[in-house]
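>>> Provided below are the primary sequence and the corresponding predicted coordinates.
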Amino acid sequence: MAEAGLNAGAEALVTAEGGGDVAEYFALMKPRVMFLVVFTALVGLVAAPGHMHPVLAVAALVCIAVGAGAAGALNMWYDADIDARMARTSARPIPRGRITADEARAFGTVLAVGSVICLGLMLNWVAAGLLALTIGFYVFVYTMWLKRITPQNIVIGGAAGAVPPMIGWAAATGTVSLESFVLFLIIFMWTPPHFWALAILRVRDYERAGVPMLPVVKGEDETRRQILIYSLILAPLGCVPAIVGLGGGLYTVAAGFLGAFFVMFAYACYSERVGPDAERAAKNLFAYSVLYLFLLFAVLLVEQGFGLGRSSIPLFWTS
């Protein structure tokens with residue numbers, strides 16, 4: 001059944017007529033990824049020093065969201081052949097023939113150029129330059145180059161997904177800083193264990209598509225070892241915002257507990273290597289990794305919103 005679906009997806013690439021509806025174009029923008037990008041950019045924007053008008057803040061986040069969606073659309077355009085061969089992605093708009101590759105490329109290009117120009121004109125060109133760099137790195141460096149040639153694709157390419165807090169910070173201040181770079185590093189170190197846990201679960205998919213993910217090239221045991229190493233680095237790194245003045249007492253406690261649980265799940269993934277327990281451990285790590293990043297940044301956002309740290313935009317008002 002799955003094989004039939006993949007064959008149908010590959011055939012749709014040839015017979016695609018396009019003309020997809022709004023929902024399919026929205027799916028082309030990878031909305032779940034876009035939400036994470038906007039959320040982490042919001043944290044960078046709120047945590048930045050100074051004051052920013054809420055309307056400009058919303059405008060910045062919209063531009064960042066559109067830029068992230070543009071990168072997703074261009075990724076789907078270039079990776080349509082891979083997507084058609086993987087069960088996880090074969091139902092995307094291009095493999096299903098609902099949107100043609102040319103339509104996706106044009107759509108992504110217009111969104112990319114428009115989001116960068118609008119962010120530069122409405123906010124500042126430092127933030128716009130970072131957004132342009134992020135889109136370009138994700139499309140040209142990760143998608144077109146690294147993804148197909150090296151098992152380190154997600155390590156280096158993950159830098160693109162780690163930049164949004166710096167874009168948010170730059171939108172508020174016109175500069176980048178050590179604090180925003182710390183937020184970048186947290187996401188950068190979080191990305192490999194997050195995606196490698198998924199890669200272990202989808203290793204046959206990646207083999208079929210010819211994508212050299214780490215478990216395909218080096219094996220699952222080495223992937224589990226690398227996951228544990230990155231997790232051991234990530235856990236203390238998650239506490240650094242408290243050291244540089246971004247996080248307060250609540251954040252310090254939350255980061256400590258969240259990091260400890262991350263290491264616990266990573267160790268379970270490392271130690272359980274055979275049978276259903278191994279699959280369960282990888283699933284648990286993947287699910288928790290999403291929760292980890294969301295809660296870590298959410299606590300930081302709440303602290304800043306209540307004025308427990310410096311904030312450019314108050315999210316909560318008290319009399």
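Good, I have the coordinates.
>>> Which secondary structure element of this structure has the lowest mean pLDDT?
None of the helices or strands of the chain scores lower by mean pLDDT, DSSP states H and E than helix 2-15, at a mean of 50.
>>> Packing partners of the next helix or strand after it?
Note on helix 2-15: by DSSP states H and E, the next helix or strand toward the C-terminus is helix 22-28. For helix 22-28, the elements it packs on are helix 54-78, helix 101-122, judged by 3 or more Cβ pairs under 8 Å, 6 or more residues apart in numbering; DSSP states H and E. In short, each C-beta sits where N, CA and C put it, glycine included.
>>> buried stuff in the shortest one?
Just to be clear, that refers to helix 101-122. The neighbour-count check on helix 101-122 (16 or more other Cβ atoms under 10 Å) flags 101, 103-105, 107-108, 111-112, 115-116, 118-120, 122 as buried.
>>> What lies in contact with that helix?
For helix 101-122, the surrounding residues in contact (Cβ atoms under 8 Å, 6 or more residues apart in numbering) are 13, 16, 18, 20, 25, 28-29, 56, 59-60, 63-64, 66-67, 69-74, 76-77, 80, 93-94, 99, 127-129, 131-132, 135, 171.
>>> What segments of the stretch 101-250 of the chain are strands?
With DSSP state E, counting those that start in this stretch, there are no strands along the stretch 101-250 of the chain.
>>> Show me where it dips below the pLDDT cut-off.
For the stretch 101-250 of the chain, applying pLDDT under 70 flags no range at all.
>>> one more time with 90
Scanning the stretch 101-250 of the chain for pLDDT under 90 picks out 245, 248.
>>> circling back to that earlier point, tell me which of the helices and strands packed on helix 22-28 sits nearest to residue 277.
Residue 277 lies closest to helix 54-78 among those, at 33.6 Å (Cβ to Cβ).
>>> Determine the set of other helices and strands touching whatever helix or strand comes next after that closest one.
Heading C-terminal from helix 54-78, the first helix or strand you meet, by DSSP H and E, is helix 80-85. Secondary-structure packing of helix 80-85 (3+ Cβ pairs under 8 Å, 6+ apart): helix 2-15, helix 203-209.
>>> pLDDT averaged over helix 80-85, what's the number?
Across helix 80-85, pLDDT averages out at 94.
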